[in-house]
Every structure is written in structure tokens, then in C-alpha cells.
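Novice: Got a predicted model here, sequence first, then my questions.
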There are 2 protein chains.
Amino acid sequence: MSTNAPPIQRLISELAKLPGIGTRTAQRLAFHILRADDVDANGLADAIREVKERIGLCEECFNLADGPRCRICLDERRDTAILCVVEEPGDVIPIERTHEFPGRYHVLGGALSPIDGIDPDDLKITELYERVAHSEVKEVVLATNPTTTGEATALHIADGLRERSPAVTVTRLASGLPVGADLEYADEVTLSRALAGRRPA
Amino acid sequence: MSTNAPPIQRLISELAKLPGIGTRTAQRLAFHILRADDVDANGLADAIREVKERIGLCEECFNLADGPRCRICLDERRDTAILCVVEEPGDVIPIERTHEFPGRYHVLGGALSPIDGIDPDDLKITELYERVAHSEVKEVVLATNPTTTGEATALHIADGLRERSPAVTVTRLASGLPVGADLEYADEVTLSRALAGRRPA
């Protein structure tokens, strides 16, 4: 017999489904929620429901949006000549945090992975080709993850774009040593990339 | 302007109120909830609401309960002669996990802390004295935390019990080296306790 009453046990299992949350942490969070006042706890429950009800995909870039178009696509000040292609909506945030990217985004909704059955048709790749062909986009920055699937996706899209829109420049985020990292601890692949991409000092 | 739509931002702030969850983790969890199917996400929201609605305190031991009495107090097989006093409902779980404690619990709802304005009246101490006086309890194990406030609470209760129920044995959990720990890294206080509490090998 579990010591916890069923509603507590249920909350613990629901919390443990979140990424990076094990049973112990889920238990700690559940007891925190039990101790919290009703306003705070129900605030979280409402926020979850609201986000699922009100958030959909931007019809232009497929980023998350609380209307037909996302806040970045609605922003008139963004440069429409440069497009950054990312895998997931969550990938937009770190790029925005740099304050260095003036353009708009295109969210693929994942990366190509034949093993997991994710083909070009499962991603917003056709939509990207259409969008680039019918717009003033001059450069597409491929910012998929530096992983096997991310690289494969970037290669596939680069080929597709070169074929369909040869006037458009296609670039890829630089690979190399992360700033602040120690050369001693760098893995060989990263270090090879850093070497291959070396620039005049 | 924040890149996130207001409902997403709201979910991130609600998640960041949980203990040990910073803004980055909250963001990761929020995007996971957005990606999850509606059943899972709303399951979490429902579990939070349900736990706040259905869980109260056991009228006997003040542990969390989904009825007037908790599952441990309702369990006829538990030994009614031995009572374990803990600070919080969450402290019951690790003790239950040992499968070594046959008795019942008494949850104080915190520890004495004059600095934070927590006096004996704020805890279920009078209720403990009453419960011990009007029952067949023969031993009270004080299992408050081995911290300043936990120790002070244990001392206070030990005095009160000796005065009111002199026939009852009052014990305290042993302090000492945690199993698997390295002597080299033990702090002096723990090591002093381990020395003072040494037992025949």
C-alpha cells in the first residue's frame, strides 16, 4: 500500500512525466503544491490549461502564437530579407536572447530522422520552400542543432533551397569551441570543427 | 517586448515559483507542456486542482489525508504503542521507505523557530500531548530534522512529555555518519555526534 493518498500519488506521477523531473523531485514539488495557498496552486493549473487552449502555431513561421500570427512575424521592424530556420519553437528563445538576429524565423517542428520515421513531409520543409520562393528573403540561416539529425536536416534543406531558389544565400551557424570552455576538455569533433572553421585573428 | 505570447510567459512564471525550478528550467518545462498532447497537459492541471480540493489533514496525526483520517491511521496493522513525531508530511515518506517503523505518526506542521515567529502554539504540540496522554502509546520517537530548529523542537517536546506522561519513553533518531559517506569529508559536528554515540562493534 502506498502511503500517499491517491490524489497525491496522481499528482506525483503527472509531475514525474515532465522532462528532467524524477520521482523524488516530483514528490518534493507535489508537497510544495500541497503547502502552497490555493491561489498559487490553481494559478499553475490555470496557466497549463490556458496555454493549451490559447496557444497554436503561427500560420507564417510555425512558431508558437496566441493568434493567427506570432509576435515576431507581426513585428514590422523585423528584417524580412533574412530567415532563420530552427527545429523547435524553444530554439527561437536562445537566438532572440543574443539580440543579434534582425530577421524572422521558420520553425520546422523537428529534425529529419528516418529511424524515428520523421520524413521531410512531417516537417514544415515544403512550407519553407514556398515561403522563400514567394518572398523577398535573401538569406536563409540554417540553425538546426549541431547533432546528426540536425545536420542531416540542414543538408537536406540546403540542397532543396539551392535547387528551388538559387539566388538565395544559404548559411549555417558556426561550429566551434563554446566561449569560456577549456580546450583541454573539448571533444575531438568540436575541436576539428573549430580548426576547420579557423578565422584570421 | 518578450518573444513569448502572454499565456506562455504566464505558465513560465507559475512554473518558476516551484522550488528548485529556475527560469530556464521553467521554460523547458513550459515548452514540453506545449508539445505534450492535451490529455497529458490537462492531466497535470487536473491533478493539481484535485489535490488542493481533496487533500486535507488527518484529524488524528495531521498527516495529509483524502478523508478524515490518513491511510496510516486507518491501517489496523500499525502498532499503536509507538509514535513517530516529524515536522512535515513529506518527512513520513522517507521513514516509511525504510519499512522499519511499525507505529503511527504525529506531524507537527513545522519546527519551533522564534526568529520566524513559530511558537509551540503554531505547531500540533498540544495535540501531541493530548494524544499521548489519552492513548496506549509507550514510546515517542522524535524524528525532527537534525537542524537547530529541529533539535530545539525535539528538546521542547521531550521536556513537555516527561512532565505530562512520565511513563512514556521518549527517544530521538541517532545522529552520526551517513552510510556510504567518507570520514574525510564528514563535518566536525556530525563526527562529534558519531563519536559520542559510538556503539560496541
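Specialist: Nice, thanks for sending it over. The model shown is predicted, which means the values in this text are computed figures rather than measured ones. Residues are numbered from 1 along each chain as shown, chains lettered A, B, ... in the order given.

Novice: For residue A:5, which non-adjacent residue is closest in space?
Specialist: Spatial nearest neighbour of residue A:5, chain neighbours left out: residue B:66 (3.7 Å); criterion: Cβ to Cβ, 6 or more residues apart in numbering or on different chains. Glycine gets a C-beta too; all of them are placed from N, C-alpha and C.

Novice: Neighbours of the one you found, how many?
Specialist: Other residues near residue B:66 number 19, with proximity taken as other Cβ atoms under 10 Å in any protein chain shown.

Novice: give me every residue that touches it.
Specialist: Contacts for residue B:66 were tallied using Cβ atoms under 8 Å, 6 or more residues apart in numbering or on different chains; they are A:5-8, B:54-56.

Novice: Quick check: pLDDT value at it.
Specialist: Residue B:66 is assigned 89 on the pLDDT scale.

Novice: got the phi/psi numbers for residue A:93?
Specialist: Phi and psi for residue A:93, reported as degrees, to the nearest 10, are phi -60, psi -50.

Novice: on that earlier part again, drop anything exposed from the contacts of residue B:66.
Specialist: Buried members of these, scored by 16 or more other Cβ atoms under 10 Å in any protein chain shown, are A:5, A:7-8, B:55.

Novice: could those residues be laid out in JSON lines, adding pLDDT, distance to residue A:35 and secondary structure?
Specialist: Below are those laid out as JSON lines (pLDDT from 0 to 100; distance: Cβ to Cβ, whole Å; DSSP: H, G, I helix; E, B strand; the rest coil):
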{"residue": "A:5", "pLDDT": "82", "distance to residue A:35": "15", "secondary structure": "coil"}
{"residue": "A:7", "pLDDT": "90", "distance to residue A:35": "15", "secondary structure": "helix"}
{"residue": "A:8", "pLDDT": "91", "distance to residue A:35": "12", "secondary structure": "helix"}
{"residue": "B:55", "pLDDT": "92", "distance to residue A:35": "11", "secondary structure": "coil"}
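
Novice: tilt between the host helix or strand of residue A:51 and helix B:38-54?
Specialist: In this assignment (DSSP states H and E), residue A:51 forms part of helix A:38-54. Computed with axes from the mean of the first three to the mean of the last three Cα atoms, to 10 degrees, the direction of helix A:38-54 lies at 160 degrees from that of helix B:38-54.

Novice: and the helix or strand just after helix A:38-54, anywhere near chain B?
Specialist: Following helix A:38-54 in sequence order, the next helix or strand is strand A:56-57 (DSSP H and E). No - between strand A:56-57 and chain B, judged by Cβ under 8 Å from any Cβ of the partner chain, nothing touches; the nearest distance is 9.8 Å.
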